[in-house]
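Student: 3D model of this:
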Amino acid sequence: MKSQQTILLVDDNPANLFVLEEILGNIYRTVTAASGEEALEQAIECLPDLILLDIMMPGIDGYETCRQLRTIPNLQHTKIVMVSAKAMVSERLEGYHAGADDYITKPFEEEELLAKVRVYLRLKSIEEVDQLKTDLLTLLCDATITPLHGLLLPLRELHSQSSVDADEKAKFLDILEQSIAHLQGLFETILTLHAMRMEQWHNRDVPEEFKPAIPGSAEETSARDDTPGLLNETQIVRAVTTLLEQALQTQPDAEPVKVDFERDDTHMCMTVHQAHAAIEPAQGRV
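Tutor: Numbers count the residues shown, from 1 in each chain. All right, here's what the predicted structure looks like:
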């Protein structure tokens, strides 16, 4: 079964592109470009996981192409391996300074090429998961502020008043119970993130997964037949639940929170829209 990971092959020589496609095309999704300019256009369009980039090309060469690729935010985790017929140290160093991750010489040794491709695709996946963990843990830290206030304020009220009637006490206890449950959910999410493993993800119907995410809050969900996604049900639903709860807490009363899902051949994008702002779209194989 062909991998859904995408490799952008960049070389002005059609024969070299043919060789690369022969080696990689049956295993990975490949996209080709015959110049640096075309490589930049293709990279923005297909968001490759790995780029094999020839150095000597007409127009902008591989070094300049690499430098420009590194300025594109959506390609921050994309791995770039420079390709050249030479093996000079100065050439390698210039490639590293331009932002390349590695270097390989041609003619290609098939086993070496495949090994490097596997290593860098795996490394990219690990970095993406680490970034997701960091972003979500930051969100979780911010999300603990509200339930902590929910714990402290009722306790202070109970402590400051010498006599509290039964109804008032029941109200305070209800607030405390809700805040404790919220914190428990956040800590469970942290434990889930700690156990994340990319290999556990599988196809699910994305919008349908989030109907039970916040009971009583989601009034409308819709899904198109062409919007599947890659999900680990427990991990992703828990993470997105936290995101949606945070959005609802900061949303003005009576204003809906809208969640859109879009995808291309390789990526899923989820956008949470609020009345006055939109949480930054998160891309990746989610």
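
Student: Give me the domain ranges for the protein.
Tutor: The record's domain parsing of the chain by automatic domain parsing lists 6-126, 129-284.

Student: show me where the stretch 1-150 of the chain has helices.
Tutor: For the stretch 1-150 of the chain, the helices defined by DSSP state H, counting those that start in this stretch cover 14-24, 36-46, 62-69, 89-98, 110-143, 145-160.

Student: Pick out the shakiest of those helices, pLDDT-wise.
Tutor: The weakest mean pLDDT among the helices of the stretch 1-150 of the chain belongs to helix 145-160, with a mean of 68.

Student: count of residues packed around Leu244?
Tutor: Other residues within reach of Leu244, judged by other CB atoms under 10 Å, total 19. Bear in mind the C-beta positions are built from the backbone N, C-alpha and C, glycine included.

Student: if we can go back for a sec, columns distance to His77 and mean neighbour count on top of the helices of the stretch 1-150 of the chain, output as a markdown table?
Tutor: Formatted as a markdown table, the helices of the stretch 1-150 of the chain follow (distance: least, CB to CB, whole Å; neighbours: other CB atoms under 10 Å):
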| stretch | distance to His77 | mean neighbour count |
| --- | --- | --- |
| helix 14-24 | 19 | 16 |
| helix 36-46 | 13 | 18 |
| helix 62-69 | 12 | 21 |
| helix 89-98 | 17 | 14 |
| helix 110-143 | 5 | 15 |
| helix 145-160 | 30 | 14 |
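
Student: For Asp260, find the nearest of those.
Tutor: helix 110-143 (18.6 Å; CB to CB).

Student: if we look at stretch 15-31, which residues are touching it?
Tutor: Residues from elsewhere that reach stretch 15-31, judged by CB atoms under 8 Å, 6 or more residues apart in numbering: 2-9, 11, 32, 34, 42, 46, 48, 52, 54, 83, 106-108, 110, 113-114, 117, 121, 265-266.

Student: make it 10 Å
Tutor: For stretch 15-31, the external contacting residues (CB atoms under 10 Å, 6 or more residues apart in numbering) are 1-11, 13, 32-34, 39, 42-43, 45-46, 48-52, 54, 83, 85, 106-108, 110-111, 113-114, 117-118, 121, 265-266.

Student: Contact partners for the residue lying closest to Met57 once chain neighbours are set aside?
Tutor: Nearest residue to Met57 in three dimensions, chain neighbours excluded: Asp12, at 4.5 Å (CB to CB, 6 or more residues apart in numbering). Asp12 is in contact with Ala33, Ala34, Ser35, Gly36, Glu38, Asp54, Met56, Met57, Pro58, Gly59, counting by CB under 10 Å, 6+ apart.

Student: from these, which single one is nearest Ala98?
Tutor: Nearest to Ala98 among the contacts of Asp12: Gly36, at 11.6 Å, using CB to CB.

Student: residue contacts, the closest one?
Tutor: By CB under 10 Å, 6+ apart, the residues touching Gly36 are 10, 12, 53-54, 57-66, 68-69.

Student: Check what pLDDT the nearest residue to Leu155 once chain neighbours are set aside gets.
Tutor: With sequence-adjacent residues excluded and distances taken as CB to CB, 6+ apart, Leu155 is closest to Leu176, at 7.4 Å. For Leu176, the model assigns a pLDDT of 77.

Student: secondary structure class for Leu176?
Tutor: At Leu176 the chain is in helix, as set by DSSP: H, G, I helix; E, B strand; the rest coil.

Student: is it true that it touches Arg156?
Tutor: No. Taking contacts as CB atoms under 10 Å, Leu176 lies outside contact range of Arg156: 11.7 Å.

Student: my guess is Glu41 contacts Ala34, does it?
Tutor: No. Glu41 is beyond contact range of Ala34, at 11.4 Å (criterion: CB under 10 Å).

Student: how near is Gln178 to Ile126?
Tutor: The spacing between Gln178 and Ile126, counted by CB to CB, to the nearest Å, is 37 Å.

Student: before we move on, what about Thr78?
Tutor: For Thr78, the distance to Ile126 (CB to CB) stands at 14 Å.

Student: returning to that earlier point: distance to Glu255 for the contacts of Asp12 - can I get that in TSV?
Tutor: As requested, the contacts of Asp12 are exported to TSV (distance: CB to CB, whole Å):
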residue	distance to Glu255
Ala33	45
Ala34	50
Ser35	48
Gly36	46
Glu38	44
Asp54	52
Met56	56
Met57	52
Pro58	54
Gly59	50
